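*Asks:* how would this look folded up:
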Amino acid sequence: MKIAYLITRADDVGGAQVHVRDMSEAFRLLGHDVTVIAGGSGRFSAELRSRGIPHRALRSLATPIRPAKDFLALLEIVKALREIKPDIVAAHTAKAGLLGRIASSVLSYPVVFTPHGWSIADRISARKGRFFRTIESLASMLSSRIINVCDFEVELARKSGVASRDKLVRVYNGLPDSDDDLRADPSIDPPRIVMIARMAPPKDHAILIAALSRLKHLRWILELAGDGPLEAALRKQVSEAGLGDRVRFLGFREDSAELLRSAQIFALTSRSEAFPYSILEAMRAALPVVATAVGGVPEAVVDGETGLLAPSGDATALERHLARLIGDPALRRQLGGSGRDRFLAHFTFDKMFYRTLRVYEEAIMGRSATPDWKPSRALQARPAEGPSNR
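*Replies:* Numbering: from 1, shown residues only. Just a heads-up that it's a prediction; the model follows:
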């Protein structure tokens, strides 16, 4: 199978980039021909280069809506696809998803779109929401299938009318398992709380800092991994709260597994999410999770069993959950162990990979899944040591 992956940004590495990188590497391991097409260059393109994954940089593809530049990006995409001649186009994120579907339609290639979080509902203003719903509903007609990373995203798309139910598929994000020496010990005191997220408004680091500022009487350390436009404001908040000796800013880090191994609690206090990889990384490391119950987070974290969930924006509930975990090493260990069991049962890379492969093959065949659908030889010969063990 010849696959063209298309994604908007190559200057950063977020969940969508991790997905494309890991899927590309796994498909290549099984002998498929993969090329990644991305806007610009930077951290992501450097990672692709270091792993030997063929990629092309587009000069005009970028996130902001600029009609003239977007038209040039569309022409670049058409040119790249004509040269690659893929069996299928896998388009990721909103802008690349729109332009990729148009280009694929022009060239009569099947295209599967993965939004990694719909640009609709409460994630943007009402006016922009109406605009994007209209655009997505039109673009969905060009999609062979649309992969959603959680059930929340499927229902959001269905209720918003951006796609027909027969085109919507749910494939949970998944991760390769880590080595045994990367497991955390949640029972260690005082606990280290780690949050790994870009310092931007949707992640709402400020509410985590506010909640912890009320828990100065307890022993804890907070480490914030990531960078972004709000870093200066967050540093100021920490200083004004008198937490300068207890909160550490680590900057952008590529060693998330190492950070989580030495932590005791993982926190993610986002205002909106699709299905974040960072929570799966924490569950893989056997860490208890404290998070806001947004998007698909409750599909990963079972409240009271693998972690504790708080309503978005509720600093009091967040404070209560943090205090409970900080003060109870045994509970931390229990929730962390249950989280790892849930990760292994539902969110491994192999599960994501083979379900995605099936969607791609159905798109190429031009029909929906049916009871008599037969898996390809690649699926029938699924190795005991799959792509996740590459």
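*Asks:* just the mean pLDDT for whatever helix or strand residue 79 lives in, thanks.
*Replies:* Here residue 79 sits within helix 67-84, counting by DSSP states H and E. In this model, helix 67-84 has a mean pLDDT of 96.
*Asks:* packing partners of it?
*Replies:* strand 2-9, strand 33-39, strand 55-58, helix 94-107 (3 or more C-beta pairs under 8 Å, 6 or more residues apart in numbering; DSSP states H and E). Bear in mind the C-beta positions are built from the backbone N, C-alpha and C, glycine included.
*Asks:* partners of whatever helix or strand comes next after that helix, with directions?
*Replies:* Counting by DSSP H and E, the next helix or strand C-terminal to helix 67-84 is strand 88-92. With DSSP bridges as the test, strand 88-92 is paired with strand 2-9 (parallel), strand 111-114 (parallel).
*Asks:* returning to what we had before: adding distance to residue 254, mean pLDDT and mean neighbour count, write the helices and strands packed on helix 67-84 out as a markdown table.
*Replies:* Shown next, in a markdown table, are these (distance: least, C-beta to C-beta, whole Å; pLDDT from 0 to 100; neighbours: other C-beta atoms under 10 Å):
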| stretch | distance to residue 254 | mean pLDDT | mean neighbour count |
| --- | --- | --- | --- |
| strand 2-9 | 17 | 96 | 24 |
| strand 33-39 | 18 | 97 | 23 |
| strand 55-58 | 18 | 96 | 20 |
| helix 94-107 | 23 | 95 | 23 |
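*Asks:* quick one, which of the ones you listed is nearest to residue 27?
*Replies:* Evaluated with C-beta to C-beta, these place strand 33-39 nearest to residue 27, the distance being 5.0 Å.
*Asks:* any idea how far residue 295 is from residue 232?
*Replies:* Distance of residue 232 to residue 295, given as C-beta to C-beta, to the nearest Å: 27 Å.
*Asks:* repeat that for residue 237.
*Replies:* Counting by C-beta to C-beta - residue 237 and residue 295 are separated by 25 Å.
*Asks:* compare neighbour counts for the two and give me the winner.
*Replies:* residue 295 (25 against 17; other C-beta atoms under 10 Å).
*Asks:* pretty sure the more buried one sits against residue 271.
*Replies:* No: under the criterion of C-beta atoms under 8 Å, residue 295 makes no contact with residue 271, lying 9.8 Å away.
*Asks:* let me see the contact set for residue 39.
*Replies:* Residues in contact with residue 39 (C-beta atoms under 8 Å, 6 or more residues apart in numbering) are 7-10, 57-58, 60-63, 73, 95-96.
*Asks:* so which of those is the closest to residue 245?
*Replies:* Distances from residue 245 to the contacts of residue 39, taken by C-beta to C-beta, are shortest for residue 9, at 36.1 Å.
*Asks:* which residues does the closest one bridge with?
*Replies:* Judged by DSSP bridges, the bridge partners of residue 9 are residue 39.
*Asks:* output the helix holding residue 79 as PDB - backbone C-alpha positions only.
*Replies:* Provided in PDB are the C-alpha atoms of helix 67-84 (Å, rounded to 0.1, in the frame of the first residue of the first chain):
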ATOM      1  CA  PRO A  67      -7.300  32.500   1.000                       C
ATOM      2  CA  ALA A  68      -4.500  33.400  -1.400                       C
ATOM      3  CA  LYS A  69      -1.900  31.400   0.500                       C
ATOM      4  CA  ASP A  70      -4.300  28.500   1.100                       C
ATOM      5  CA  PHE A  71      -4.900  28.300  -2.700                       C
ATOM      6  CA  LEU A  72      -1.100  28.100  -3.200                       C
ATOM      7  CA  ALA A  73      -1.000  25.300  -0.600                       C
ATOM      8  CA  LEU A  74      -3.700  23.400  -2.400                       C
ATOM      9  CA  LEU A  75      -1.700  23.600  -5.600                       C
ATOM     10  CA  GLU A  76       1.400  22.300  -3.800                       C
ATOM     11  CA  ILE A  77      -0.600  19.400  -2.300                       C
ATOM     12  CA  VAL A  78      -2.000  18.500  -5.800                       C
ATOM     13  CA  LYS A  79       1.500  18.600  -7.200                       C
ATOM     14  CA  ALA A  80       2.900  16.400  -4.400                       C
ATOM     15  CA  LEU A  81       0.100  13.800  -4.700                       C
ATOM     16  CA  ARG A  82       0.400  13.600  -8.500                       C
ATOM     17  CA  GLU A  83       4.100  12.800  -8.000                       C
ATOM     18  CA  ILE A  84       3.500  10.300  -5.200                       C
END
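*Asks:* next, format the helices and strands packed on helix 67-84 as TSV and append distance to residue 320.
*Replies:* Shown next, in TSV, are the helices and strands packed on helix 67-84 (distance: least, C-beta to C-beta, whole Å):
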stretch	distance to residue 320
strand 2-9	37
strand 33-39	42
strand 55-58	46
helix 94-107	36
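*Asks:* which one of the ones you listed lies nearest to residue 188?
*Replies:* strand 2-9 (37.3 Å).
*Asks:* just give the number of residues close to residue 335.
*Replies:* Residue 335: 27 neighbours (other C-beta under 10 Å).
*Asks:* mind checking the SS state of it?
*Replies:* State at residue 335, reduced to three classes by DSSP: H, G, I helix; E, B strand; the rest coil: helix.
*Asks:* likewise residue 146?
*Replies:* strand.
*Asks:* per the record, what domains does the chain have?
*Replies:* As assigned by automatic domain parsing, the chain contains the domains 2-175+348-389, 180-346.
*Asks:* worst average pLDDT in these?
*Replies:* Note on the domains of the chain: lowest mean pLDDT is at domain 2-175+348-389, with a mean of 86.
*Asks:* correct me, but residue 248 touches residue 234?
*Replies:* No: if you go by C-beta under 8 Å, residue 248 and residue 234 don't touch, sitting 11.8 Å apart.
*Asks:* neighbour count: the two, which is higher?
*Replies:* Taking neighbours as other C-beta under 10 Å, residue 248 and residue 234 compare with residue 234 leading, 18 against 14.
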